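Based on what follows, work out the 3D shape:
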Amino acid sequence: MDEIAKRQNFVISLLPRAGKTALGFFRNPALVIDLKTVQDPVTEADRRVERLFLEGISRAFPGDGFLGEEGGSVGDLGKDNFVWVIDPIDGTANFVRGIPHWCISVALVRRNEVELGFVYDPVNRETFTARRNAGAWLNRKRIATRENTELTRARVNVGFSYRRPSSIHLRGVETLLEHKCEYSRLASGALGMAWVACGRFDGYWEPHINAWDVLAGVALVREAGGWVSDFLAGDGFRTGNPILASTPGTASELRRLLEPLNEESDRWAREHRDPVERPL
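Numbers count the residues shown, from 1 in each chain. Coordinates of the predicted model:
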């Protein structure tokens, strides 16, 4: 068995335990909630699930690097090393309100390539998996993006971050509506990308997103036949980047409409010396 397959099997075996842990907290009305930044909650569920992955990976693959949303980096994050990128609860804002739209997101990166992507939705018992050059799957069924080519029949999932001016987000939504393209904002980038991969959405757009929120989804959309922007360009791994993903048939038009806003987001970050959300 090759090294990537070993890691793929390991994560698949660990996801049910992580999901059970997260669900236990999700169903706990006494869950303690802290705030990292404005509208950015964190709970013991986030910390516990991330620690479960860190401890498991450290035992099984002690040389691998690790980047988690809550705990930061551990080990060697160099490009030649295997690096795990974990969001223990993506959609925490939904999680803390009892809204059943959140997931666990796990990606494996090496040499600037996303080798593996996993998005696990414990509430609905949906496991999205992808391996580079080997396809994308929902549970045991292979998935593909929609064949739609018309924005007037499309729905794009839109993300938002307070790390960028709200005006960029608002202009993006206005642009979509002006072209008769519907949109949704469901507050989980990882699930948003997974739902593009399996054909529930035609695209996902966010002017700035962090690696732990999106890398698993990047693998899923690419392996499902979709188009994805180069998230790892520049220093995207450490500081985040805009993301745009879509079906092949809507990629050209969505890029024409939304890439100028992504470029504006990048300019704003340079001009304001946009800080890394949390030191790695």
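
Low-confidence stretches in the stretch 1-150 of the chain?
Filtered on pLDDT under 70, the stretch 1-150 of the chain yields the residue ranges 29-42, 72.

can you list the domains in the protein?
Per automatic domain parsing, the structural domains of the chain span 3-142, 151-271.

Could you dump the ones you listed into CSV and include mean neighbour count?
From N, CA and C alone the C-beta is placed, and that goes for glycine too. What follows is the domains of the chain, written out as CSV (neighbours: other C-beta atoms under 10 Å):
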stretch, mean neighbour count
domain 3-142, 18
domain 151-271, 21
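
so residue 111 touches residue 80, yeah?
Yes - in this structure, residue 111 is within contact of residue 80 by C-beta atoms under 8 Å, at 6.3 Å.

Show me the strands in the stretch 1-150 of the chain, by range?
33-37, 40-43, 65-68, 72-74, 83-90, 103-110, 113-121, 126-131, 136-138, 141-142 (DSSP state E, counting those that start in this stretch).

Now distance to residue 57 too, for these, in TSV please.
Shown next, in TSV, are the strands of the stretch 1-150 of the chain (distance: least, C-beta to C-beta, whole Å):
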stretch	distance to residue 57
strand 33-37	23
strand 40-43	21
strand 65-68	6
strand 72-74	9
strand 83-90	6
strand 103-110	10
strand 113-121	12
strand 126-131	17
strand 136-138	22
strand 141-142	27
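
for those strands, which one sits closest to residue 210?
Set against residue 210 and scored by C-beta to C-beta, the strands of the stretch 1-150 of the chain come closest in strand 83-90, at 8.3 Å.

who's in contact with that closest one?
For strand 83-90, contacts defined as C-beta atoms under 8 Å, 6 or more residues apart in numbering pick out 18, 22, 43, 45-50, 53-54, 57, 64-70, 76-77, 95, 102-110, 188-191, 211-213, 215-216.

let's see it at 7 Å
By C-beta atoms under 7 Å, 6 or more residues apart in numbering, the list of residues contacting strand 83-90 from outside reads 22, 45-46, 49-50, 53, 57, 64-70, 77, 95, 102-110, 188-191, 211-213, 215.

which residue is nearest the centroid of this structure?
For the chain, residue 214 is the residue whose C-alpha lies nearest the centre (C-alpha atoms, centre = their mean; 2.3 Å).

Quick check, it in contact with residue 245.
No - under the criterion of C-beta atoms under 7 Å, residue 214 makes no contact with residue 245, lying 8.7 Å away.

Need the overlap of contacts for the two.
Common contacts of residue 214 and residue 245 (C-beta under 7 Å, 6+ apart): residue 193.

ok, residues contacting stretch 94-105?
With C-beta under 7 Å, 6+ apart, stretch 94-105 has contacts from 15, 18-19, 22, 26, 31, 33, 41, 43, 45, 49, 87-92, 119-121, 123, 186-188, 190-191, 212-213, 216.

gap between the two ends of it?
15 Å (C-alpha to C-alpha, to the nearest Å).

just stretch 175-194 next, same as before
24 Å.

What of stretch 71-81?
Per C-alpha to C-alpha, stretch 71-81 runs 19 Å from first to last residue.

What lies in contact with it?
50, 54, 64, 65, 66, 67, 83, 110, 111, 112, 278, 280.

so how far is residue 5 from the residue nearest to residue 124 when sequence neighbours are not counted?
Once flanking residues are discounted, residue 124 sits nearest to residue 100: 7.5 Å by C-beta to C-beta, 6 or more residues apart in numbering. Residue 100 sits 32 Å away from residue 5, going by C-beta to C-beta, to the nearest Å.

again with residue 272
43 Å.

gap between the nearest residue to residue 116 once chain neighbours are set aside and residue 10?
Distance criterion C-beta to C-beta, 6+ apart; nearest residue to residue 116, sequence neighbours excluded, is residue 108 at 4.0 Å. With distances taken as C-beta to C-beta, residue 108 is found 10 Å from residue 10.

now residue 200
From residue 200 over to residue 10 the distance is 28 Å, taken as C-beta to C-beta.

just residue 186 next, same as before
For residue 186 relative to residue 10 (C-beta to C-beta), the value is 29 Å.

do the same with residue 194
In terms of C-beta to C-beta, residue 194 sits 20 Å off from residue 10.
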